[in-house]
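Peer 1: sequence and computational prediction follow.
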Amino acid sequence: MAGQLNPAWRRKTSSREHLDHISERFLSDNPGTGKGNAGCRLIPFLPADESQHWVIRDLCTLLNQRGHRSVLCSFDERHGGLSVAAEEKMEAATDAEFCLLAIDSPDIVKREQLDHLVVLVPSSLEAVREAYRKIKWLAEGGAPEIGVVVIGPRDQHAAWRYFRKLAVGTLRYLDVPLLNLGFLPVQVTPAGGQADHHRTNFLTRISERLLRSEFYARRGTATEQ
């Protein structure tokens with residue numbers, strides 16, 4: 001069910017100066033190497049709720065450990081832009097390769113017209129239905145390229161079933177293909193109690209799929225819908 005990704009950022013028009021400021025730094029033609037980059041790349045995440053922010057934090061930590069200088073940012077909905085702390089972090093991290101952006105509402109994704117998005121989906125039928133509703137709403141104005149990480153299944157087979165149920169529905173009824181970016185089994189989540197090399201192994205696979213697929217935003221020629 002993986003969609004064919006276009007590595008170019010075909011941003012439409014963004015009304016937010018903060019994301020324009022970030023997008024102006026997406027100038028590198030040397031993705032995923034950590035060397036020779038002229039700016040950082042944005043990887044937007046849409047978690048189901050705040051309890052999933054650990055996934056984004058741990059991915060950011062892992063990327064740094066693997067030599068990809070990364071910073072963690074969040075969106076301040078009250079001010080319609082990056083939080084003050086995120087702005088300061090972005091300004092300080094002049095050598096950053098990636099900016100992992102946590103977005104807590106699909107409204108922001110649509111308003112900012114982001115063209116790539118990682119959706120974190122808990123392993124339950126209700127969570128799959130909720131993810132479908134969010135994607136359906138996003139698809140009304142032209143859905144971004146969407147990647148999915150399933151959180152908390154008991155094993156790989158369960159993860160695949162949840163992903164397939166969501167991917168079949170979005171493709172059949174919304175004409176939106178999804179990219180399977182991997183899963184984090186319940187054993188390596190905070191609820192499972194393991195924060196050792198097992199979690200690192202699963203996060204590494206996710207990060208490699210993100211980099212290999214060039215699943216991040218780069219500034220391109222703006223187009224009108």
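Peer 2: Arrived safely.
Peer 1: next, give phi and psi for the closest residue to residue 191 other than its chain neighbours.
Peer 2: Counting by Cβ to Cβ, 6 or more residues apart in numbering, residue 191 lies nearest to residue 152, which is 7.3 Å off, once chain neighbours are set aside. Any C-beta I mention is one placed from the backbone N, CA and C, and that applies to glycine too. Main-chain torsions, residue 152, degrees, to the nearest 10: phi 90, psi 20.
Peer 1: cross-check the contact I'm expecting between residue 152 and residue 185.
Peer 2: Yes - the pair residue 152 and residue 185 qualifies as a contact (Cβ atoms under 8 Å) at a distance of 7.2 Å.
Peer 1: local confidence estimate at the residue nearest to residue 191?
Peer 2: As predicted, residue 152 sits at a pLDDT of 96.
Peer 1: in stretch 101-119, what's buried?
Peer 2: For stretch 101-119, a neighbour-count test (16 or more other Cβ atoms under 10 Å) marks 101-104, 106, 108-110, 112-119 as buried.
Peer 1: what sits against residue 62?
Peer 2: When contacts are counted by Cβ atoms under 8 Å, 6 or more residues apart in numbering, residue 62 is found next to 200, 203-204, 207.
Peer 1: give me the element residue 45 is part of.
Peer 2: If you go by DSSP states H and E, residue 45 is part of strand 41-46.
Peer 1: got a list of what residue 43 touches?
Peer 2: Contacts of residue 43 by Cβ under 8 Å, 6+ apart are 98-101, 116, 118, 210, 215-217.
Peer 1: which single one of these is nearest to residue 191?
Peer 2: The closest of the contacts of residue 43 to residue 191 turns out to be residue 118 (Cβ to Cβ; 20.8 Å).
Peer 1: okay but that closest one is in contact with residue 215, surely?
Peer 2: Yes - judged on Cβ under 8 Å, residue 118 makes contact with residue 215 at a distance of 7.0 Å.
Peer 1: which neighbours do those two share?
Peer 2: Contact criterion Cβ under 8 Å, 6+ apart; residues bridging residue 118 and residue 215 by contacting each: 43, 147, 181.
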